[in-house]
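In: here's a sequence, model it:
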Amino acid sequence: MVGSFRRISARLRRRANLSIRRSAGLSRDPPARCNDPNEAYSDVFGIARVVHGDLPSMLIGGLGSLFFQMLHPYAMAGVAQHSRYQEDPLGRLLQTANFINATTYGARPAAHAAIQRVLNVHKFIHGLADDGEAYDANDPHLLLWVHCAEISMFLTSYRRFGALPLSDREADQYVREMVPLALDFSVVNPPNSLEELNATLRSFQPELRLSADGRIARDFIAHGVMKSRAQRLVYRLFVLSAWSLLTRWAQDLLGVRVNKRRDRVVVRPATKVLCRLIRLAVPPVPRQTARVNPPSTTTT
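Out: Here you go, the predicted structure:
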């Protein structure tokens, strides 16, 4: 009887796992992890593997990073002029997830190959923004903005909605762990601490504004991705939670207003419950605290 119950529970969790992942555009199983410190691209004992291994908080942080990044008109111009995000938003999410998996959990060859693919695509992403100024996706300054906006939202989302609490020291460690990835993209002087990260983001404020393309992207991402009613309800909760991650000045630039009382009393508690339910089907990646045996399962 107990064995049958466990088998049924395992099947139900597997079905829920597949359903949740497919709803988020993750149609493939993640690649095997490299757990050998001598072969892995990232620190196998680090905080990045904890943060990036929590699906619900990463989904919210990913939305937050999209809203944040679109505030730079040159980054937004590149997306508007060279991507198909409205035609295949979940496909774009899958590409991003595959990149994060490769650079967080992969061996060095797999991670470097993923980075090179992005750099190769970026070679074709250049043009003129709405102010007539030229932009280039491989511009180190623009890449610094994308890097900082992304890791800021991932970290903030995990600290608010993640499975485990992170201390300020661990938050600093996460920012430091992301430095090698930034350097491999030729980013100049990436931040090494949470304080430096926030200072760098503030330094971009004079460059930021919501362009016409940004308004279209904002409205599409906020309303136009999910189709079924149930998916839309969950997605709306995640969008509101993503907006709440942004600083007040970023919310103002984006043109969204977060009701603090509703966020504190309704949105945040409901999102935390939803995150816990998702983790029942898609458990977080466990933190590695000692060398495993066998030492490595490399990605290809």
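
In: okay, CA-based contacts and neighbour counts for the rest of this
Out: Noted.

In: quick one, helices of the stretch 101-250 of the chain?
Out: Listed in chain order, the helices of the stretch 101-250 of the chain (DSSP state H, counting those that start in this stretch) span 108-122, 140-161, 168-177, 179-184, 194-203, 212-223, 229-245, 248-254.

In: could the ones you listed be laid out in CSV, adding distance to A129?
Out: As requested, these are arranged in CSV below (distance: least, CA to CA, whole Å):
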stretch, distance to A129
helix 108-122, 16
helix 140-161, 13
helix 168-177, 30
helix 179-184, 24
helix 194-203, 21
helix 212-223, 10
helix 229-245, 25
helix 248-254, 18
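
In: and the spatially most central residue of the chain, what does it touch?
Out: For the chain, the residue lying nearest the average C-alpha position, counting by CA atoms, centre = their mean, turns out to be G62 (3.4 Å). With CA atoms under 8 Å, 6 or more residues apart in numbering as the criterion, the residues that contact G62 are 150, 153-154.

In: P206: which of those residues is nearest?
Out: The shortest separation between P206 and any of the contacts of G62 is 18.8 Å, and it belongs to E150 (by CA to CA).

In: so how far is G214 from the closest one?
Out: 17 Å (CA to CA, to the nearest Å).

In: neighbour-wise, which of those two wins?
Out: Remark: of E150 and G214, G214 carries more neighbours, 23 against 20, as counted by other CA atoms under 10 Å.

In: would you mind measuring from R49 to K272?
Out: With distances taken as CA to CA, R49 is found 20 Å from K272.

In: higher neighbour count, these two?
Out: Between R49 and K272, R49 has the larger neighbour count (other CA under 10 Å), namely 23 against 18.

In: gap between that one and A40?
Out: In this structure, R49 and A40 are separated by 12 Å, where distance is defined by CA to CA.

In: which residues are in contact with each of those two?
Out: Jointly contacting R49 and A40 under the rule CA under 8 Å, 6+ apart are Y105.
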